[in-house]
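# no sequence for this one, just the structure:
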């Protein structure tokens with residue numbers, strides 16, 4: 001039972017790191033990064049190669065993987081994503097192409113395999129990194145078996161989560177990031193360098209993905225990429241919730257979409273139904289849509305949100321609603 005609990009918590013911790021980096025980049029820039037799984041892969045291969053060629057231990061590989069993944073992420077933002085801001089489908093397709101390129105670079109050992117040159121630590125096979133022996137030997141406390149490596153993963157994830165919270169809510173850079181999340185045009189008008197902040201934000205989210213790759217030492221890289229792709233597709237699907245203005249069907253107590261049914265609307269009340277759970281990925285878009293609908297309804301003084309289809313509202317969405 002304890003072993004199963006540690007396995008579940010450690011894997012959940014790694015997924016939290018991956019999702020945290022992805023949510024930071026999406027929330028600040030509105031970009032769905034289909035190459036996020038490949039940034040996890042880069043972190044893992046950085047750890048493997050640094051151990052082979054630089055003789056770095058597991059603990060030194062963590063900051064190195066963060067730095068390399070962050071630099072790759074910053075290059076991706078400057079060379080590809082920066083030219084596609086505001087075009088969500090184009091960024092999705094572009095980063096998907098980058099993901100394929102990165103996968104093949106690793107698989108083909110940067111093209112050297114065509115010349116019969118093999119680079120240890122690269123290629124399509126399963127790569128493992130040596131974890132310190134004291135992290136692989138379980139011990140007991142009060143009759144409960146403790147797994148050191150999985151405990152280490154949980155602790156690192158908790159520390160990085162707290163660090164991210166501190167950076168977002170207790171630093172000037174975090175204030176600028178949250179301002180950009182709220183309204184990038186107003187943030188730019190207030191003197192915030194949106195491009196610079198976005199680049200560093202993307203780099204930080206990429207660095208978190210790199211650390212997740214190191215913690216997943218011994219796990220096949222393709223699985224990691226699949227997890228990143230699944231997360232990205234889920235965010236994309238739910239980032240544009242369906243919203244409709246409602247009116248009352250004549251002679252009934254039922255409300256329907258004003259664009260599909262002959263309904264009666266109130267001259268003073270705007271009724272809006274949201275058909276998706278509200279969370280960080282769609283909070284800003286939902287807020288903008290409500291403002292836009294209210295702006296085009298002359299004479300309406302009250303807005304009623306009908307949330308019968310909403311199953312969950314997270315803190316960022318609640319902040320937007322307030």
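Happy to help now that I have it. Keep in mind the model is a prediction, meaning the values are calculated, not measured.
# all contacts plus neighbour counts: C-alpha atoms, from now on.
Fine.
# ok, longest helix in this protein?
Of all the elements of type helix in the chain, the one with the most residues (DSSP state H) is helix 2-29.
# now for it, which elements pack on it?
Under the contact definition 3 or more CA pairs under 8 Å, 6 or more residues apart in numbering; DSSP states H and E, helix 2-29 sits against strand 144-146, helix 148-169, helix 172-182, helix 194-215, helix 221-238.
# so of the ones you listed, which one's packed in deepest?
Taking mean count of other CA atoms under 10 Å as the contact definition, the stretch among those with the greatest mean neighbour count is helix 194-215, which reaches a mean of 27.
# and the angle from that helix to helix 148-169?
Here helix 194-215 points in a direction 170 degrees away from that of helix 148-169 (axes from the mean of the first three to the mean of the last three CA atoms, to 10 degrees).
# closest one to residue 316 among the helices and strands packed on helix 2-29?
Taking CA to CA, helix 172-182 is the member of these nearest to residue 316, at 10.4 Å.
# Let me know the angle separating the closest one from helix 148-169.
Relative orientation of helix 172-182 with respect to helix 148-169: 80 degrees, computed using the same axes, to 10 degrees.
# related to what we said a few turns ago, right, and the helix or strand after the longest helix of the chain?
helix 36-53 (DSSP states H and E).
# Of the helices and strands packed on helix 2-29, give the one that comes closest to residue 76.
When those are compared by CA to CA, helix 194-215 sits nearest residue 76, at 8.9 Å.
# Quick one: work out the angle between that closest one and helix 2-29.
Between the axes of helix 194-215 and helix 2-29, defined by the same axes, to 10 degrees, the angle is 160 degrees.
# that older thread, is it possible to get JSON lines of the helices and strands packed on helix 2-29 that adds distance to residue 52 and mean pLDDT?
As requested, those are exported to JSON lines (distance: least, CA to CA, whole Å; pLDDT from 0 to 100):
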{"stretch": "strand 144-146", "distance to residue 52": "30", "mean pLDDT": "72"}
{"stretch": "helix 148-169", "distance to residue 52": "21", "mean pLDDT": "89"}
{"stretch": "helix 172-182", "distance to residue 52": "37", "mean pLDDT": "86"}
{"stretch": "helix 194-215", "distance to residue 52": "14", "mean pLDDT": "89"}
{"stretch": "helix 221-238", "distance to residue 52": "18", "mean pLDDT": "55"}
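# Where in the protein is the helix or strand with the lowest mean pLDDT?
Lowest by mean pLDDT, DSSP states H and E among the helices and strands of the chain is helix 221-238, with a mean of 55.
# Quick check: what element follows that one along the chain?
Once the chain leaves helix 221-238, the next helix or strand it forms, by DSSP H and E, is strand 243-248.
# Would you check that residue 102 makes contact with residue 38?
Yes: assessed by CA atoms under 8 Å, residue 102 is found in contact with residue 38 at 6.7 Å.
# Comparing these two, which residue is more hemmed in?
Neighbours per residue, other CA atoms under 10 Å: of residue 102 and residue 38, the larger number sits with residue 38, 30 against 18.
# Give me the contacts around stretch 160-172.
Contacts of stretch 160-172 with the rest of the structure, by CA atoms under 8 Å, 6 or more residues apart in numbering, involve 17, 173-175, 177-178.
# now for those residues, which pair is the farthest apart?
Greatest spatial distance in the contacts of stretch 160-172: 17 and 175, 21.4 Å, computed using CA to CA.
# where does the residue of the chain most remote from its centre land on pLDDT?
Ranked by distance from the centre of the chain (CA atoms, centre = their mean), the top residue is residue 251, with 47.1 Å. At residue 251, the pLDDT value in this model is 83.
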